[in-house]
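Asks: Here is my input; please provide its structure:
(2 chains)
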Amino acid sequence: MKVLLEHAHVEGIRYYDTYRKNGGYRAVEKAFKMTPDEIVEEVKKSGLRGRGGAGFPTGMKWSFLAKPEGVPRHLVCNADESEPGTFKDRYLMEFLPHLLIEGLIVSSFALGCNATYIYIRGEYAWIVDILEQAIAEAKNNGWLGKNILNTGFDCEIYVQRGGGAYICGEETALIESLEGKRGNPRIKPPFPAIQGVWMRPTVVNNVETLAAVVPILNMGGEAYAKIGVGKSTGTKLLSVCGNVNKPGVYEIDMTQSVEEFIFSDEYCGGIPKGKRLKACIPGGSSVPIVPANLLLKTAQGETRYMNYESLADGGFATGTMMGSGGFIVMDEDQCVVRHTMTLARFYNHESCGQCSPCREGTGWMYKILKNLEYGKGKMSDIDLLWDIQRKIEGNTICPLGDAAAWPVAAAIRHFRDEFEWHVLNPDESQRRNFGLAHYADPIHVPTTA
Amino acid sequence: MIKFSEEKLNKVKEIMARYPDGKQKSALIPVLHIAQEEFGGWLDVPVMDYVAEVLGILPIEVYEVATFYTMFNMKPVGKYVLEVCQTGPCMLNGSDDIIDHIKQKLGIQAGETTPDGLFTLKPAECLGACGYAPMMQLGKHYKEFLTKEKVDQLLEELRAAATN
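Replies: Residues are numbered from 1 along each chain as shown, chains lettered A, B, ... in the order given. Below is the predicted model:
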């Protein structure tokens, strides 16, 4: 079922006239006939959960927003999409910019925000132009500016370009960056809902979350909540990459099994060259990697589905997370040690340096993983890695520490034999071609933690 | 003399007007992008001092931000900066081979610039194009689904564009 991407393939949908002809801006018209509180109530009823990765209920987040008399408040759209494996927001903004603008107008009205900012990662430079053009079109057609449609509501949307820092996807780091500072996350409390950008009450929501407000208004919160399964309501965008026949962005209603998602022609289309599935990181690089057997079925042997609850079944011992929807698939020839090393390098590069466990720990993890990958590792290094990741997790101001620790922990938990193979076969691990992990057939996949 | 053109200065003023009174420092990152584009592809100290003056903030406030974000170059770069993503998903699709190929083709290492000042190789971390890997950022745009042949062709095109 397609809700967000329903019109994604309509020719010219990027532009206002076509978007409007296909039912665009109806949600704004509807919103203006409601009170802001009624809109917040619809979003609560929809069960929408933050699509950036944390999955926090959006309606609840909105209801925390402080509304002191005479203090302006702000809505900030988090378009700093930087989690490896994730490129769904880019797709939305590139092809359906007006859907985001429409969601932003409705949400700004619901929250009483007159100046709304889209904080977009600096590398998406061409998308800044697409968004600014869409904003100009919306403004020319009376959907933005002063006294929109004679409602007395003023709203401006600005696109703010970042400078290239993963950490700015963390909401308080994003706020700091929007204020023109280094992206160092803030200590909470106070939460942004009380003191956010320029110390004013602020809501920060992901691109996909804010776009989802449009169908929620159009169909009503209750109808939206009927799509999906249990607490995983509505639809979710998945960005698929790695070793699949059809990488790209897919919208799912979260009822599909993981097996169907990977192997059916409707979605990923299976693994190229008839290779076998080895492992998968289903929710962006920060969530635990799981081997094929635990990906397709839970530890109890039940079918695993593409939703928040099912993917998390078994906790970190045998499960993983839905996260941001960055779905990274690895075939039988891929090397988990090398892949984990690139992620450790990534987190080391992206650590803001504020908290010692993360600043120092990510560097040590990268160094040790590099040694292991290049045949210079010792058996004790594997335990040392485990020890370091445990000392980072939970000991930092922001979740980047956890995000750096989890991939390393899961790789050791499920693929310890592959790390050991690198230690025991230092020469062979160097001689092999890229990605050709030397493995017995069939692939040995551990079944327990 | 370091000074924005009339057009760029207007753009800077427009950006500064997006924030509440007294919060013009918020314009810093967008303005640094403009400065880097305008003044030779990198941020020399006098350029950062000029940005501080335009925004009415201290030079140190500019330095600490410029050095924090990876898109700002703290030393001169070539006319074309090849930013090849090397993070996990791109690695799974052969980004290491692409980087090695560029190194060999241009005779430079990561972070170096060719002697003719045309190319800088800057391996990058995840650029949000994982499904279209391997890829590189070239200026404002992405080049995706790279192969060695595509890289060769691209380098030739860029060389030709630079000499014309």
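Asks: so what's residue 144 up against?
Replies: If you meant another chain, say so; for now it's chain A. By C-beta atoms under 8 Å, 6 or more residues apart in numbering or on different chains, the contact list for A:L144 reads A:I101, A:I105, A:I135, A:A138, A:C155, A:E156, A:I157. Quick note: C-beta positions are derived from backbone N, CA and C, even for glycine.
Asks: Wait, chain B was what I had in mind.
Replies: Residues in contact with B:E144 (C-beta under 8 Å, 6+ apart) are B:A129, B:Y132, B:A133, B:M135.
Asks: Would you mind giving these as JSON lines with pLDDT added?
Replies: Below are the contacts of B:E144 laid out as JSON lines (pLDDT from 0 to 100):
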{"residue": "B:A129", "pLDDT": "96"}
{"residue": "B:Y132", "pLDDT": "96"}
{"residue": "B:A133", "pLDDT": "95"}
{"residue": "B:M135", "pLDDT": "97"}
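Asks: Can you give me the buried ones in stretch B:46-56?
Replies: Judged by neighbour count (16 or more other C-beta atoms under 10 Å in any protein chain shown), stretch B:46-56 contains these buried residues: B:V47, B:M48, B:Y50, B:V51, B:A52, B:V54, B:L55.
Asks: State the mean pLDDT of it.
Replies: The average of the pLDDT scores along stretch B:46-56 is 98.
Asks: Please list the residues outside that stretch that contact it.
Replies: Outside of stretch B:46-56, the residues within contact range by C-beta under 8 Å, 6+ apart are A:180, B:2-4, B:9, B:12, B:16, B:24-25, B:27-28, B:31-32, B:35, B:39, B:58-59, B:61-63, B:66.
Asks: Stretch A:145-156 now?
Replies: A:29, A:32, A:105, A:108-109, A:113-116, A:139, A:142-144, B:18.
Asks: please redo it, this time with the cut-off set to 7 Å
Replies: A:F32, A:I105, A:S108, A:F109, A:N114, A:A115, A:T116, A:K139, A:G142, A:L144 (C-beta atoms under 7 Å, 6 or more residues apart in numbering or on different chains).
Asks: how many neighbours does B:D21 have?
Replies: A count of nearby residues for B:D21, using other C-beta atoms under 10 Å in any protein chain shown, gives 6.
Asks: For B:L58, give me phi and psi.
Replies: When read as degrees, to the nearest 10, the backbone of B:L58 gives phi -80, psi 150.
Asks: List the residues that contact it.
Replies: Contact analysis of B:L58 by C-beta under 7 Å, 6+ apart lists B:A52.
Asks: Distance check, it against B:A52.
Replies: B:L58 sits at a distance of 6 Å from B:A52 (criterion: C-beta to C-beta, to the nearest Å).
Asks: likewise B:A66?
Replies: Separation of B:A66 from B:A52 (C-beta to C-beta): 10 Å.
Asks: Could you verify my assumption that B:K148 touches B:I102?
Replies: No - using C-beta atoms under 7 Å as the test, B:K148 is too far from B:I102 to be in contact (9.2 Å).
Asks: more neighbours, the two?
Replies: The neighbour comparison of B:K148 against B:I102 (other C-beta under 10 Å) goes to B:I102, with 23 against 15.
Asks: how about the closest residue to chain A within chain B, what does it touch?
Replies: Chain A sits closest to B:Y69 of chain B, with a gap of 2.8 Å, by C-beta to the nearest C-beta. Neighbour list for B:Y69: A:G163, A:G164, A:A165, B:I29 [criterion: C-beta under 7 Å, 6+ apart].
Asks: next one: A:E102
Replies: The contact partners of A:E102, by C-beta under 7 Å, 6+ apart, come to A:G24, A:Y25, A:A27, A:V28, A:V214.
Asks: now, among these, which is nearest to chain B?
Replies: Lowest distance from chain B to the contacts of A:E102 (C-beta to the nearest C-beta) belongs to A:V28, with 22.0 Å.
Asks: what about dumping the CA coordinates of stretch A:247-256 to PDB?
Replies: Extracted in PDB, the C-alpha atoms of stretch A:247-256 (Å, rounded to 0.1, in the frame of the first residue of the first chain):
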ATOM      1  CA  PRO A 247      18.300  -1.200  -4.500                       C
ATOM      2  CA  GLY A 248      16.200   1.800  -3.900                       C
ATOM      3  CA  VAL A 249      13.400   3.300  -1.800                       C
ATOM      4  CA  TYR A 250      10.300   1.200  -1.000                       C
ATOM      5  CA  GLU A 251       7.200   2.100   0.900                       C
ATOM      6  CA  ILE A 252       5.700  -0.800   2.900                       C
ATOM      7  CA  ASP A 253       2.700  -1.200   5.200                       C
ATOM      8  CA  MET A 254       4.900  -3.300   7.600                       C
ATOM      9  CA  THR A 255       2.900  -6.500   7.000                       C
ATOM     10  CA  GLN A 256       5.500  -8.100   4.700                       C
END
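Asks: burial count for A:G375?
Replies: For A:G375, the neighbour count with other C-beta under 10 Å is 15.
Asks: can you check B:F72 too?
Replies: The number of residues packed near B:F72 is 20, by other C-beta under 10 Å.
Asks: Skipping adjacent residues, who's closest to it in space?
Replies: The shortest distance from B:F72 to any non-neighbouring residue, by C-beta to C-beta, 6 or more residues apart in numbering or on different chains, is to B:A66 (4.7 Å).
Asks: didn't A:I281 look like it was pressed against A:I328?
Replies: Yes - using C-beta under 7 Å, A:I281 is in contact with A:I328, at 4.2 Å.
Asks: Quickly list what's touching both of these two.
Replies: Common neighbours of A:I281 and A:I328, using C-beta under 7 Å, 6+ apart, are A:G85.
Asks: Average pLDDT for stretch B:64-79, rounded please.
Replies: For stretch B:64-79, mean pLDDT is 97.
Asks: Pull out the buried positions in it.
Replies: Neighbour-count burial for stretch B:64-79, counted by 16+ other C-beta under 10 Å, picks out B:V65, B:A66, B:F68, B:Y69, B:T70, B:M71, B:F72, B:N73, B:V77, B:G78, B:K79.
Asks: In chain A, which residue sits closest to chain B?
Replies: When scored by C-beta to the nearest C-beta, chain A has A:G163 as its residue closest to chain B, at 2.8 Å.
Asks: what residue is smack in the middle of chain B?
Replies: Among the residues of chain B, B:M71 comes closest to the average C-alpha position under C-alpha atoms, centre = their mean, at 5.1 Å.
Asks: now that one, nearest residue through space, not along the chain?
Replies: Leaving aside its chain neighbours, B:M71 sits nearest to A:G164 (3.7 Å; criterion: C-beta to C-beta, 6+ apart).
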